[in-house]
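> Generate coordinates for the sequence data below:
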Amino acid sequence: MKLLNSRILLASAASLLVLGACNSDQNAKPAAVAPAAKEAAEATVNGVVISKKRVDMIVKQAGGNGQADSPEARQGIVDKLIMQTLVAEEAVKKGLDKSPEVIEQIDLMRQSVLASAYVQDLIKNGAASDEVLKAEYERIKATITGSEYKARHILVEKEAEATAIIAKLKKDPGAFAKLAMEKSKDAGSKASGGELGWFDLSRMVPEFAAAVSKLEKGAITQEPVKTPYGYHVIQLEDSKPIEAPPFEEVKPHLAQQVQQQNLKKHLDDLKAKAKIESATTPAAAPAPAPAAAPTAPRRTHSCQVSPAKLLIRRGTPGAANEPGAGCQFPSDGNHS
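Numbers count the residues shown, from 1 in each chain. This is a model prediction of the structure:
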């Protein structure tokens with residue numbers, strides 16, 4: 001609803017400007033407003049047209065935010081526009097359209113809408129060619145090295161528990177899945193007999209990754225593996241070199257990434273070429289921290305893959321990765 005209210009607020013601000021213009025220019029000719037009057041109207045409020053085009057625009061924007069179009073939803077939008085037009089009219093009567101703060105807010109909203117429109121225009125007309133996408137695909141593909149592994153594990157709290165499980169598995173290696181379902185504290189893999197699926201070592205905490213890398217196919221760790229989560233017993237089921245999927249599979253995601261990179265470069269170039277004078281003095285950069293021994297980030301079994309590997313192994317784009325999704329421009333701050 002936040003997006004919908006924001007769009008209606010912009011419509012209300014536009015109505016306020018129209019009303020203010022009408023009141024401040026008593027000599028304006030009727031022909032000046034005739035084109036607006038010819039628009040298909042959803043409603044009129046004291047002679048001010050709420051056009052079907054405006055309602056359609058808000059419905060479309062609301063639909064992009066997951067709100068279904070329906071007669072009831074459209075009527076709700078019209079009702080809100082009617083009320084806000086009435087309120088805007090009263091604001092003009094009180095002279096609030098002359099308030100410096102109101103003028104500033106309207107100007108800020110105008111800039112926000114124009115900036116967003118410019119970004120969308122860049123996106124619409126800046127699609128990368130297949131040649132560019134294939135070159136980027138090959139570049140990223142060349143960075144993908146190493147192997148991925150398929151393993152099971154049993155996670156317990158105490159070292160003695162893990163040691164006892166290893167002793168049982170030495171007698172009956174085939175009991176791994178059964179013991180995982182009975183003993184493991186990892187809710188995410190317990191039901192599947194400790195199955196972790198395929199993963200590359202960068203997804204695992206260092207201790208777990210080191211233990212897996214030393215195992216032969218089918219082997220089980222002979223000592224408990226301690227990590228921040230507890231003690232693990234691990235069985236390596238298989239391993240294989242990491243392979244990149246076909247270009248066509250990752251093309252949609254790749255197109256979004258390239259377009260996002262191009263968009264960022266374009267906006268950075270605009271800023272670099274502009275003459276910007278800021279009254280705000282940048283804070284002094286903090287002194288560099290003393291060098292420390294490198295440590296790997298703590299990650300769970302479902303942790304993130306590096307961007308290159310995520311790109312090369314995942315072909316389905318998500319809403320968060322839409323080009324321009326990260327380009328947000330400030331409005332008045334009261335769009336709720």
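> Please report how far L122 lies from A115.
For L122, the distance to A115 (C-beta to C-beta, to the nearest Å) stands at 11 Å. The way it works is simple: take the backbone N, C-alpha and C, and place the C-beta from them, glycine included.
> mind checking the backbone torsions on S51?
Per-residue torsions, S51: phi -80, psi 150 (degrees, to the nearest 10).
> So it sits against A40, correct?
Yes - taking contacts as C-beta atoms under 8 Å, S51 lies within contact range of A40: 6.6 Å.
> These two - which one has more neighbours?
S51 (19 against 10; other C-beta atoms under 10 Å).
> pLDDT value on the more buried one, please?
For S51, the model assigns a pLDDT of 92.
> Bridge partners for it, pull those for me.
Here S51 sits in beta bridges with A41, going by DSSP bridges.
> cool, V45 as well?
In this entry, V45 is beta-bridged to V48, by DSSP bridges.
> And it, what's its pLDDT?
On pLDDT, V45 comes in at 92.
> Please give the number of neighbouring residues around it.
Close neighbours of V45, defined as other C-beta under 10 Å, add up to 17.
> For V113, pull up the helix or strand it's in.
Of the helices and strands defined by DSSP states H and E, V113 is found in helix 100-125.
> Check which helices and strands the next helix or strand along the chain from that helix sits against.
With elements assigned by DSSP H and E, the helix or strand that comes after helix 100-125 is helix 130-141. Contact partners of helix 130-141 among helices and strands, from 3 or more C-beta pairs under 8 Å, 6 or more residues apart in numbering; DSSP states H and E: helix 247-273, helix 307-313.
> Would you tell me which one of those helices is buried the most?
Relative to the other members of the helices and strands packed on helix 130-141, helix 307-313 carries the highest mean neighbour count by mean count of other C-beta atoms under 10 Å, namely a mean of 17.
> Give the rounded mean pLDDT of that one.
40.
> Convert the C-alpha atoms of stretch 199-213 to PDB, please.
Written as PDB, here are the backbone C-alpha positions of stretch 199-213 (Å, rounded to 0.1, in the frame of the first residue of the first chain):
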ATOM      1  CA  PHE A 199      28.100 -27.600  -2.600                       C
ATOM      2  CA  ASP A 200      31.500 -26.000  -3.100                       C
ATOM      3  CA  LEU A 201      33.800 -25.600  -0.200                       C
ATOM      4  CA  SER A 202      33.400 -21.800   0.000                       C
ATOM      5  CA  ARG A 203      29.900 -22.300   1.300                       C
ATOM      6  CA  MET A 204      31.100 -24.100   4.400                       C
ATOM      7  CA  VAL A 205      32.900 -22.900   7.500                       C
ATOM      8  CA  PRO A 206      36.600 -23.500   7.200                       C
ATOM      9  CA  GLU A 207      36.800 -26.500   9.600                       C
ATOM     10  CA  PHE A 208      34.000 -28.300   7.800                       C
ATOM     11  CA  ALA A 209      35.500 -27.500   4.400                       C
ATOM     12  CA  ALA A 210      38.900 -28.700   5.400                       C
ATOM     13  CA  ALA A 211      37.500 -32.100   6.600                       C
ATOM     14  CA  VAL A 212      35.500 -32.600   3.400                       C
ATOM     15  CA  SER A 213      38.500 -31.900   1.200                       C
END
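> Show me which residues of it are buried.
Across stretch 199-213, burial judged by 16 or more other C-beta atoms under 10 Å covers F199, D200, L201, S202, R203, M204, V205, F208, A209, A211, V212.
> Surely the last one and M204 touch.
Yes - using C-beta under 8 Å, V212 is in contact with M204, at 7.0 Å.
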